[in-house]
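**Student:** Sequence and predicted structure below; questions after.
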Amino acid sequence: MNTLKKYFREILQYPSAVVGSVMILLLVAVSVYALVTIPYEKALQLWRGGEDVWYANPQYAPPAWMNFFSDKDLPVSFKLHSRDAGENQSVTKEVVLGEQNTSRTFITYTFDFNYDEFPQEMALLFNTTYEVKQPFVSILWATPDGREIRVGDFGVSKKMTYRISQDTKLQRRLGGLPPIQGLFADPNAQTPVPFKGTYQLLINGVSFEQDSHIEAEFVFYGQVYGLAGTDHLRRDLMVALLYGAPIALAFGLLAALGTSVLTMIIAATGAYYGGWVDELIQRITEVNLVLPFLAILIMVGTFYDRSIWTILGVTILLSIFTGAIKSYRAIFMQVKESAYIEAARAYGASSGRVIFRYLIPRMIPLLIPGLVSAVPAFVFLEASLAVLGLGDPSLPTWGKIINDAWLNAALYKGYYYWILEPAILLMITGLGFAMVGYSLDRVFNPRLRGL
Amino acid sequence: MTTLSEAQEISQPVVHRPARSALVRVMQYSGVRLITLFGTIVVAVYLTIMIGNMGGFVDQIMRSEIRERITVQVAMNPANRNLDPDVRNQLTLDRIALEEKRLGLNQPLAVRSVRYLTNALTLRLGRAVNMASDAGSKTVRLIILERLPATLLLMATSNLFLFFSALFVALSLSRKYGSFLDKFVIAFTPTSAAPPWFYGIFMILIFAAVLKILPFGGMIDAPPPKTTFEYALSVLKHMTLPASALVISSLFLSIYNWRTFFLIYSSEDYVEMAKAKGLPSSDIERRYILRPTLPTIITNFALLLIGLWTGAIITETVFLWPGLGRTYFRAIGLYDIPVIVGLSIIYAYLLAITVFLLDFFYALVDPRVKIGSGGKQA
């Protein structure tokens, strides 16, 4: 216990170890938060759910906090549902009953628009109930300076999406401007500039049956979204950024732990028994040095299975018999000759007992720095495979965000956030473990002490 | 067991065997070493072949591909339109059988894998299944040779620069242990945790996307410049980012490793002695530190030379560099086993030859090492 305390105090002397530990703790906190708030099933659903999950998100939208850094204020996405009228001040809904089972529905969405750019898109998602005769709606647009623009008049089916930017009739009515620009443009400006103020979208609906109702959701697709932004499929990147943390940590730690522990056990066994066991381990190591590591992983990913567990298994299997086994073996050969091993044998300890109780514990101080330093390599290996398109098909990971961004030429088109967010998280993971690893190495490795 | 054999050894009378002649000893050692190395290559290449074929699954993919291609070919050929359906079916089947025979798919995998192995070991690399070189050849040898210069250019430039700069910076740092520069390098060592492609992405972002001064990827402008000078300049421009990514990703770690290595050697007594004698520091570096560490330096250099050959699969893919690494990746994607095996066997041979030659190099540069006597020096 005292020696542990001594080591701990010594580790605290290295600023890089402290910074690295803080980074790791931060990642662990993020992982725990992700796993608690987004259960596995929900994460998969959010990441692979399809249009139902992402319909209200803008496409290729940078995170909302980008507005702090640019002098231009970009519109933020939001959605308003007529169901929430009453609770939400911005929506009002009024139903007036008429003759012969008809009824009129008035829905008003009010919102402030104080941005320097036009939004990406606006859409109305209608949800109506009727038996035979479709309800009919007219949509009006009220600008802050009091103009009223007729947006469209049409019959509404049970589930229908009306996208304003795709209305060519409206475009003609607005004098050829793209509808979104036309609705927001300052009428006195030469080039289309957004006019700031409070806008209103009014739906004036008529239903022709007794139980016919109109509900509509107004979705305003801005230029920025949430804390992480969205990708080409309108997915919120936050899901993958949060969920990537536990996956990266689990993969890195499991691979490092599996590799180091198995390497040590095999090296100890070989050194203890000697003879053909040792010879066999040496030969396997030499064969493994000739095998192309990354190429085999790519082949396994391409031909067999891309599941993260398969890749993890193959990674560990190929990483056991490397140069590390030779250096461990050299140390075990020395330790094997120690007097306390001789004593253990003299009192009749079995070979297994000598290996696991006497040889391996002696090496734990050497194992720990190696283990921690190996984590970044495995985290980046998983990301590398994902970047090559060989990531786990269902899991949201950092590497897959980079892969998606790469395939969609994010750097070329200027969507820097898309690549930078996962890359910075990867960097934090790598740096955190590497910093702690190197400090531990200096603490535990007597040869490096004082260097 | 151990105690028993030790007892036997002790009980044997001590016999002074006549010293074997050096030549016989070297020959014997070389023979055993060559055989073990060759055995290693055989096993490794056979494993690669089996993994590459997925224990036969790739055959199924290829068979169905052939079936589909030939069925469509026969059906689309206007000359066959008037044929009787039975005759046409027979024609399709015959042509499928012929194509399978041409690719050797009619033999079981066990037989074929041994044939692949002997072909590979004798360096008859054969023809690619799906890939072709840019010049149009399907010969694996030509595909490899075509891509080799690009890989060698990129890898040799970056790795040689990395190796020598790391070595000399480390040597001077080890003499200025504890200085600001020394601490600076140590502080930056953790940055080597990230692989080259990772830095590549950042460099593309900065220099290609934001500053727009260097290209995103590729090896040459399109269309290629006419004069040799402009051509070289264009290649250099395209090579800057991938080469820097390769260098940056491991520069600090290799400096750190070499520095620690030199520090351990420079705390030896004979170095202190030389210092005490008042020798100039360049002499100390050359004679007392570099000389005893030469075997390790040579080993690392030799392994680096082999590393050049494989290229960097992901870095080349990210930078669209037309090298062997990308060819390897494409070959896997196209299930092109001959190309995969061809690249692997050459790597295996180069590695084995280097390992074999290194033993002799050690004996040349380090008088303490004697070939074939006793255990290997660590």
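**Tutor:** All right, it came through fine.
**Student:** Apart from its neighbours in sequence, what residue is nearest the residue of the stretch 1-150 of chain B found nearest chain A?
**Tutor:** Nearest residue of the stretch 1-150 of chain B to chain A, counting by C-beta to the nearest C-beta: residue B:44, 3.8 Å away. C-betas here are computed from N, CA, C, even on glycine. Once flanking residues are discounted, residue B:44 sits nearest to residue A:290: 3.8 Å by C-beta to C-beta, 6 or more residues apart in numbering or on different chains.
**Student:** Could you tell me which residues make contact with that neighbour?
**Tutor:** The contact partners of residue A:290, by C-beta atoms under 8 Å, 6 or more residues apart in numbering or on different chains, come to B:40, B:41, B:44, B:45, B:347, B:348, B:351, B:352.
**Student:** Which residues does stretch B:227-243 contact?
**Tutor:** B:153-154, B:157-158, B:161, B:196, B:200, B:203-204, B:207-208, B:214-215, B:217-221, B:224-225, B:315-316, B:319, B:321.
**Student:** cool, stretch B:259-270 as well?
**Tutor:** Outside stretch B:259-270, the residues touching it (C-beta under 8 Å, 6+ apart) are A:447-448, A:451, B:170-171, B:173-175, B:177, B:182, B:185, B:271, B:284, B:288-289, B:292-293, B:296.
**Student:** and if we set it to 6 Å?
**Tutor:** Stretch B:259-270 has contacts (C-beta atoms under 6 Å, 6 or more residues apart in numbering or on different chains) with A:451, B:170, B:171, B:173, B:174, B:289, B:293.
**Student:** so how many other residues sit close to the third one?
**Tutor:** Put plainly, it is residue B:171. 19 (other C-beta atoms under 10 Å in any protein chain shown).
**Student:** do the second one as well
**Tutor:** Other residues near residue B:170 come to 22 when the count uses other C-beta under 10 Å.
**Student:** That one: helix or strand, and which one exactly?
**Tutor:** helix B:140-175 (DSSP states H and E).
**Student:** need the next SSE after that helix, C-terminal direction.
**Tutor:** helix B:180-188.
**Student:** Output the contacting helices and strands for whichever helix or strand comes after that next one.
**Tutor:** Scanning forward in sequence from helix B:180-188 by DSSP H and E, the next helix or strand is helix B:196-203. Counting contacts by 3 or more C-beta pairs under 6 Å, 6 or more residues apart in numbering or on different chains; DSSP states H and E, helix B:196-203 is packed against helix B:228-266, helix B:313-318.
**Student:** Please repeat the previous calculation with a cut-off of 7 Å.
**Tutor:** Using 3 or more C-beta pairs under 7 Å, 6 or more residues apart in numbering or on different chains; DSSP states H and E, the elements in contact with helix B:196-203 are helix A:360-387, helix A:416-444, helix B:228-266, helix B:313-318.
**Student:** from the chain's centre, how far out does stretch B:326-336 sit?
**Tutor:** Remark: stretch B:326-336 is offset 16 Å from the chain centroid, using C-alpha atoms, centre = their mean, to the nearest Å.
**Student:** Ok, stretch B:246-261 next?
**Tutor:** Worked out by C-alpha atoms, centre = their mean, stretch B:246-261 lies 19 Å from the chain centre.
**Student:** now do stretch A:84-96
**Tutor:** 36 Å.
**Student:** now do stretch A:200-216
**Tutor:** 40 Å.
**Student:** Start and end of it, how far apart?
**Tutor:** This stretch, stretch A:200-216, spans 15 Å end to end (C-alpha to C-alpha, to the nearest Å).
**Student:** State whether residue A:34 and residue A:246 are indeed in contact, as I suppose.
**Tutor:** Yes - when contacts are counted by C-beta atoms under 7 Å, residue A:34 is listed as touching residue A:246 (5.8 Å).
**Student:** Remind me which helix or strand the most centrally placed residue in chain A belongs to.
**Tutor:** With distances taken as C-alpha atoms, centre = their mean, the residue of chain A nearest its centroid is residue A:240 (1.7 Å). If you go by DSSP H and E, residue A:240 is part of helix A:237-273.
**Student:** Run through the neighbouring helices and strands of that helix.
**Tutor:** By 3+ C-beta pairs under 7 Å, 6+ apart, helix A:237-273 packs against helix A:15-37, helix A:40-48, helix A:275-290, helix A:308-320, helix A:323-336, helix A:360-387, helix A:398-407, helix A:416-444.
**Student:** Which of the helices or strands spans the residue of the stretch 251-378 of chain B found nearest chain A?
**Tutor:** Taking C-beta to the nearest C-beta as the measure, the point where the stretch 251-378 of chain B comes nearest chain A is residue B:348, at 4.7 Å. Using DSSP H and E, residue B:348 sits in helix B:337-365.
**Student:** How many residues are close by the residue nearest to residue A:19 when sequence neighbours are not counted?
**Tutor:** Excluding its sequence neighbours, the residue lying closest to residue A:19 (C-beta to C-beta, 6+ apart) is residue A:435, at 6.1 Å. Burial of residue A:435 is recorded as 29 neighbouring residues (other C-beta under 10 Å).
**Student:** still on that earlier bit, make a markdown table out of the contacts of residue A:290 and add pLDDT and neighbour count.
**Tutor:** Conversion of the contacts of residue A:290 to a markdown table gives the following (pLDDT from 0 to 100; neighbours: other C-beta atoms under 10 Å in any protein chain shown):
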| residue | pLDDT | neighbour count |
| --- | --- | --- |
| B:40 | 89 | 22 |
| B:41 | 89 | 22 |
| B:44 | 88 | 23 |
| B:45 | 88 | 23 |
| B:347 | 85 | 24 |
| B:348 | 85 | 26 |
| B:351 | 83 | 23 |
| B:352 | 84 | 22 |
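**Student:** farthest pair in those residues?
**Tutor:** B:40 and B:347 (12.6 Å; C-beta to C-beta).
**Student:** returning to that earlier point: and the helix holding residue B:170 with chain A, contact?
**Tutor:** No - contact of helix B:140-175 with chain A (C-beta under 7 Å from any C-beta of the partner chain) is absent, the minimum separation being 9.4 Å.
**Student:** Direction-wise, compare that helix with helix B:228-266 and give the angle.
**Tutor:** Per axes from the mean of the first three to the mean of the last three C-alpha atoms, to 10 degrees, the angle that helix B:140-175 makes with helix B:228-266 is 50 degrees.
**Student:** any idea how far residue B:273 is from residue B:289?
**Tutor:** Relative to residue B:273, residue B:289 is positioned 13 Å away (C-beta to C-beta, to the nearest Å).
**Student:** Any residues of chain A in contact with chain B? List them.
**Tutor:** So chain A meets chain B at A:16, A:283, A:286-287, A:290-292, A:294-296, A:298-299, A:302-304, A:330, A:376-377, A:380, A:384, A:387-388, A:411-412, A:414, A:416, A:419, A:423, A:426-427, A:430-431, A:434-435, A:438, A:447-448, A:451 (C-beta under 7 Å from any C-beta).
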